[in-house]
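Trainee: sequence first, then the predicted structure:
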Amino acid sequence: MFFVGLLVLTRSVGKSRKILNDKEKNMTKNNNKVSLYQSPIYLFVILAISVIVAEMQIMICFHFLPAFPVVIGAVIDSLLLFILLLPIIYFFVFRPLKLHISKREETETALRFANEQLQCNITNLKQTEEKLRHLNTILISLRKVNEALLTCKEESHLFGKICDSILHVGFIKFVWIGVIEKGSSEVKLVAQKGFEDVFISSINIDLKDVSSHLDPIGKAIHTGEPVDLLDIERDSIKEPRKDEAMKRGYASSVAIPVKDGGEVVGVLSVCSDKKYAFGKEEMEYLMEVANDIAVGVKSLWLEKDLKRSIGNLQRTLNTTIEAISLMGEMRDPYTAGHERRVAQLACAIAKEIGMTEDQIEGIRVCAFLHDIGKIVVPSEILSKPSQLNEYEYGIVKSHPRVGYDILKRLEFPWPVAQIVLQHHEMVNGSGYPMGLKGEAIGFEARILAVADVVEAMSGHRPYRAALGIDKALDEISRNKEVLYDAKVVDACMRLFMEKGFRFEALG
């Protein structure tokens, strides 16, 4: 029986602990409201009864159970003792315990709140990092678009680079750029990236067609405002592109007009594999790209216009130069075509030496104008059938200076006046009008001197018959590094002896 009493006391203490734990949990759930069975009084009564039962069990076990009145008296004494001890136990045991439990609950509540805040902050941080990565990708794409504007000079290369840059933004899967040519109503495809077969062929916009207003691309061009389809499956879109887009997994699209000032000059159309993919940042990015495309379109058009104007001016300059040359030829019919043939040979020598196209063009202009100073030489001297006397030869020798005086007032991209002035100078200083030597003579003038003497000796003159090309080549070969530049002579000899150069017949 003694052990039974200990068991009862132990279970009573365990129940007391459970009550404390239940109290702690319920205080959290019920905002610190404690029910009666969880109060200290209830716990004290349980303990008192447990002790009395334990005493009775001990007495019974050792066979000295007193009389019933004595037992009742002992019970009453025990109850009175517990009543007297109740305040002490409450203030020194249960009250501190309760305060400790309350503080622990407050701490746990604060920790839970801090943990929730931390989880929320971690989630926000991850979302911010993802947003920053997305914006960084957009910025990199814009940088590549701007680099393309600075480096690409051809239309296909420029717009192809722009499409590649846009596709680097992960949510975009298809890019299409169209341009409206001046005076045309059709939107011309200039670049695309993504699926290329049927989907591309189905994009055919003619702005004169009434139905083009129903197409997102046509609507963007007509209204001058972006047209976005946040959900291709549910939004209306002109057939057959809706079915073709959905086959390829495109879920949303947007068409951005490309505007130069207030004029729409093209359109940028992109598709994404995500619904509602084009938010505020994405639309701002695409609008910026559309503005860059407008700059590219305008630059290319201006470059085309500039090239066309330069071509027209070049043709005008050439015809003017040839007309001036023809005026001189009309005064001296025996040398008709001389300037043209000199130009042929001089340009061929310059190309053989490896000069640039611009330098060759300058030599061609100089060749046509090198004898313009002969306009002051009387036609009787130019067509005299016999040798010129010293006075007449002096007049002829003035033509380089006269040509210089005429041409120096004109602005050419090459030193035309100087070359014309020097085209009769010789390497050894025996030429005219200034007697320049070697490197003091411009290289273009040295080329012109060789071409001039070869053409003059091979052609007919009033005072002699044509000497032929062999005599002319022998002249420059014998006087290489004496009268004529060695590099120029070697190039001229290769043209005739190895490459079969011949003067073109005049038309």
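Mentor: Perfect, I can see it now. Since the structure is predicted, the reported quantities are computational estimates derived from the model, not experimental observations.
Trainee: now do the strands in the chain.
Mentor: Under the criterion DSSP state E, strands of the chain are mapped to 172-180, 187-193, 227-229, 252-260, 263-272.
Trainee: output the contacting helices and strands for the longest one.
Mentor: This means strand 263-272. For strand 263-272, the elements it packs on are strand 172-180, strand 187-193, helix 216-223, strand 252-260, helix 280-331, judged by 3 or more C-beta pairs under 8 Å, 6 or more residues apart in numbering; DSSP states H and E. The C-beta positions use only the backbone N, C-alpha and C, and glycine is treated the same way.
Trainee: and the angle from that strand to helix 216-223?
Mentor: Angle, strand 263-272 to helix 216-223, by axes from the mean of the first three to the mean of the last three C-alpha atoms, to 10 degrees: 150 degrees.
Trainee: quick check: buried residues in strand 263-272?
Mentor: 264-272 (16 or more other C-beta atoms under 10 Å).
Trainee: and the second one, by the same measure?
Mentor: Along strand 187-193, the positions that meet the burial threshold by neighbour count (16+ other C-beta under 10 Å) are 187, 189-193.
Trainee: how far does it sit from its chain's centre?
Mentor: Centre-to-centre, strand 187-193 and its host chain are 17 Å apart (C-alpha atoms, centre = their mean, to the nearest Å).
Trainee: one step back: Ala449: which of the helices and strands packed on strand 263-272 is closest?
Mentor: Ala449 lies closest, by C-beta to C-beta, to one member of those: helix 280-331, at 18.1 Å.
Trainee: tilt between that closest one and helix 216-223?
Mentor: 70 degrees.
Trainee: for helix 280-331, packing partners?
Mentor: helix 95-151, helix 155-167, strand 252-260, strand 263-272, helix 338-353, helix 357-369.
Trainee: okay if I get the ones you listed as a markdown table plus mean pLDDT?
Mentor: Listed next are the helices and strands packed on helix 280-331 as a markdown table, based on pLDDT from 0 to 100:
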| stretch | mean pLDDT |
| --- | --- |
| helix 95-151 | 79 |
| helix 155-167 | 81 |
| strand 252-260 | 85 |
| strand 263-272 | 85 |
| helix 338-353 | 93 |
| helix 357-369 | 92 |
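Trainee: export those as a markdown table, with columns for distance to Ile381.
Mentor: Formatted as a markdown table, the helices and strands packed on helix 280-331 follow (distance: least, C-beta to C-beta, whole Å):
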| stretch | distance to Ile381 |
| --- | --- |
| helix 95-151 | 59 |
| helix 155-167 | 57 |
| strand 252-260 | 62 |
| strand 263-272 | 63 |
| helix 338-353 | 16 |
| helix 357-369 | 20 |
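Trainee: nearest to Val377, out of the helices and strands packed on strand 263-272?
Mentor: Of all the helices and strands packed on strand 263-272, helix 280-331 comes closest under C-beta to C-beta, at 8.3 Å.
Trainee: mean confidence for the closest one?
Mentor: On average, the pLDDT along helix 280-331 is 80.
Trainee: can you give me how far it is from the chain middle?
Mentor: From the chain centre to the centre of helix 280-331 is a distance of 24 Å (C-alpha atoms, centre = their mean).
Trainee: gap between Ser430 and Gly500?
Mentor: 32 Å (C-beta to C-beta, to the nearest Å).
Trainee: which of the two has more neighbours?
Mentor: Ser430 (11 against 7; other C-beta atoms under 10 Å).
Trainee: ok, back up a step: just put the strands of the chain in JSON lines and tack on distance to Ala220.
Mentor: Listed next are those as JSON lines, based on distance: least, C-beta to C-beta, whole Å:
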{"stretch": "strand 172-180", "distance to Ala220": "10"}
{"stretch": "strand 187-193", "distance to Ala220": "10"}
{"stretch": "strand 227-229", "distance to Ala220": "5"}
{"stretch": "strand 252-260", "distance to Ala220": "4"}
{"stretch": "strand 263-272", "distance to Ala220": "6"}
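Trainee: quick revisit: of the buried residues of strand 263-272, which is the nearest to Pro413?
Mentor: If you rank those by distance to Pro413 using C-beta to C-beta, Val265 comes first, at 32.8 Å.
Trainee: tell me how far Pro69 lies from Gln127.
Mentor: Taking C-beta to C-beta as the measure, Pro69 falls 80 Å from Gln127.
Trainee: do Ile469 as well
Mentor: Relative to Gln127, Ile469 is positioned 85 Å away (C-beta to C-beta).
Trainee: follow-up on the earlier one: so for Leu84, which of the helices and strands packed on helix 280-331 sits nearest?
Mentor: Proximity to Leu84, assessed across the helices and strands packed on helix 280-331 by C-beta to C-beta, is greatest for helix 95-151 (17.3 Å).
Trainee: starting at the chain centroid, how far to that closest one?
Mentor: Counting by C-alpha atoms, centre = their mean, helix 95-151 is centred 33 Å from the centre of its parent chain.
Trainee: when you give positions from now on, start the count at 11
Mentor: Understood, numbering begins at 11; the last thing we discussed is helix 105-161.
Trainee: quick one on the thing from earlier: which one, of the helices and strands packed on helix 290-341, ends up nearest to Glu449?
Mentor: Of all these, helix 348-363 sits nearest to Glu449, with 15.7 Å by C-beta to C-beta.
Trainee: got the contact list for the closest one?
Mentor: With contacts defined as C-beta atoms under 8 Å, 6 or more residues apart in numbering, helix 348-363 is touched by 332, 335, 338-339, 369-370, 373-374, 376-381, 454, 457-458, 460-462, 464-466, 469, 497-498, 501-502, 504-505, 509, 511, 513-514, 516.
Trainee: sorry, back to before: which two among the buried residues of strand 273-282 are spaced furthest apart?
Mentor: Among the buried residues of strand 273-282, Val275 and Ser282 lie farthest apart (C-beta to C-beta), at 24.7 Å.
Trainee: would you mind measuring the gap between the ends of stretch 382-400?
Mentor: One end of stretch 382-400 sits 22 Å from the other (C-alpha to C-alpha, to the nearest Å).
Trainee: list the buried residues for it?
Mentor: Here stretch 382-400 shows 382-384, 387, 391-392 as buried, counting by 16+ other C-beta under 10 Å.
Trainee: pLDDT on that stretch, on average?
Mentor: In this model, stretch 382-400 has a mean pLDDT of 83.
Trainee: what of stretch 405-422?
Mentor: Throughout stretch 405-422, pLDDT has a mean value of 90.
Trainee: before we move on, the earlier item: so which of the helices and strands packed on strand 273-282 comes closest to Glu118?
Mentor: helix 290-341 (41.7 Å).
Trainee: between the closest one and helix 165-177, how many degrees?
Mentor: Helix 290-341 and helix 165-177 are oriented at 170 degrees to each other (the same axes, to 10 degrees).
Trainee: returning to what we had before: nearest to Leu90 among the buried residues of strand 197-203?
Mentor: Nearest to Leu90 among those, with distances taken as C-beta to C-beta, is Lys203, at 96.7 Å.
Trainee: my read: that closest one touches Val185, true?
Mentor: Yes: the pair Lys203 / Val185 is scored as a contact, 4.9 Å apart, by C-beta atoms under 8 Å.
Trainee: shared neighbours of these two, which are they?
Mentor: Both Lys203 and Val185 are contacted by 173, 176-177, under the criterion C-beta under 8 Å, 6+ apart.
Trainee: mind putting those in CSV, distance to Asp225 and neighbour count included?
Mentor: Formatted as CSV, those follow (distance: C-beta to C-beta, whole Å; neighbours: other C-beta atoms under 10 Å):
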residue, distance to Asp225, neighbour count
Cys173, 20, 23
Ile176, 21, 24
Leu177, 23, 16
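Trainee: dump those into a markdown table; add distance to Ile59 as well.
Mentor: Listed next are those as a markdown table, based on distance: C-beta to C-beta, whole Å:
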| residue | distance to Ile59 |
| --- | --- |
| Cys173 | 89 |
| Ile176 | 84 |
| Leu177 | 83 |
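Trainee: ok, so of these, who is nearest Asn399?
Mentor: Asn399 has its nearest neighbour among those in Cys173, at 76.5 Å by C-beta to C-beta.
Trainee: cheers, nothing more for now.
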